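here you go, sequence then predicted model.
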Amino acid sequence: MLHSVRIVALFWLIAGFKLYAQPVESGDTLEFRKNEHPDKPKFIFELDQRFFYFKDADLPLLRNPINVWGARAGFLLPANVKVGIGYYFTGQQIHESWEGYDVVYRRLQYATTYIEPYFFRRKYWELSLPLEVGLGAARYDVIDIDNQQADSRRTVAVPLSIGLSVSVKFPPLRGLRALRWFGVNLMSGYRYTLQQQVPIGPATLNGVYYSVSPAVFLDRFYEDFSAWRQARRERKR
């Protein structure tokens with residue numbers, strides 16, 4: 001776990017250095033009071049694909065990548081905090097011997113609640129801290145070594161995660177204002193899963209994760225839509 005924490009800390013350090021090293025617009029500062037704020041709670045929806053490196057005693061830390069698919073929905077509050085729920089799932093073929101069984105497949109699915117306070121929300125970038133608590137189930141497909149009978153084992157899983165998220169927002173380009181609704185998100189962190197191991201094995205559901213994905217800024221869409229609707233009303237007068 002110590003190696004995992006070091007890797008996540010290194011990512012945070014690099015991300016923070018790049019953000020502070022970027023030139024800022026005239027009048028833009030790194031003061032918290034300069035953050036953008038929504039005037040009221042805004043609904044948000046995000047597709048969320050993550051790449052996990054589950055800790056395995058038999059493999060180096062970054063040699064066991066797993067895709068985890070999911071989505072999140074919630075609200076961006078005027079206090080610059082996102083809150084909501086999410087759902088994630090993954091499946092993995094594995095080959096391990098656990099207490100008289102050969103484990104051949106593992107499936108994990110879980111729901112989460114999350115809170116994500118923002119350190120910075122600027123015109124072209126954001127920096128936030130996602131915190132998640134989940135509840136789900138892990139299923140293991142196994143084969144009895146003695147009689148070669150297929151079976152399965154299930155256990156409750158409670159994933160806990162902390163991360164750092166950096167988003168870059170696209171500016172309008174040549175009159176295409178809709179481009180400002182989109183951007184790129186980079187996120188990394190560590191997840192620890194409370195789980196009753198059935199059966200006990202060297203692989204866990206703990207580990208480092210990262211995500212590089214497109215981002216949609218619905219708050220910018222709401223802002224542009226409101227301005228368009230207001231302009232349309234004024235033209236009708």
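Thanks, I have the structure now.

and the closest residue to Tyr222 other than its chain neighbours, bridged to which residues?
Distance criterion C-beta to C-beta, 6 or more residues apart in numbering; nearest residue to Tyr222, sequence neighbours excluded, is Lys42 at 5.8 Å. Any C-beta I mention is one placed from the backbone N, CA and C, and that applies to glycine too. When assigned by DSSP bridges, Lys42 has beta-bridge partners Leu76.

likewise for Arg50?
Val68.

contacts only, for it.
Asn67, Val68, Gly70, Tyr88, Met187, Tyr209, Tyr210, Ser211 (C-beta atoms under 8 Å, 6 or more residues apart in numbering).

wait, the fourth one touches Gln49, no?
This means Tyr88. No: Tyr88 lies out of contact with Gln49 (C-beta atoms under 8 Å); the separation is 9.4 Å.

circling back to that earlier point, as CSV, the contacts of Arg50 with neighbour count, pLDDT and secondary structure would be great.
Formatted as CSV, these follow (neighbours: other C-beta atoms under 10 Å; pLDDT from 0 to 100; DSSP: H, G, I helix; E, B strand; the rest coil):
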residue, neighbour count, pLDDT, secondary structure
Asn67, 11, 83, strand
Val68, 21, 87, strand
Gly70, 18, 92, strand
Tyr88, 22, 94, strand
Met187, 21, 92, strand
Tyr209, 21, 86, strand
Tyr210, 17, 87, strand
Ser211, 17, 87, strand
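
tell me where this structure has strands.
With DSSP state E as the criterion, the chain has strands at 42-47, 50-56, 65-77, 81-98, 101-121, 125-128, 131-144, 150-169, 182-195, 203-216.
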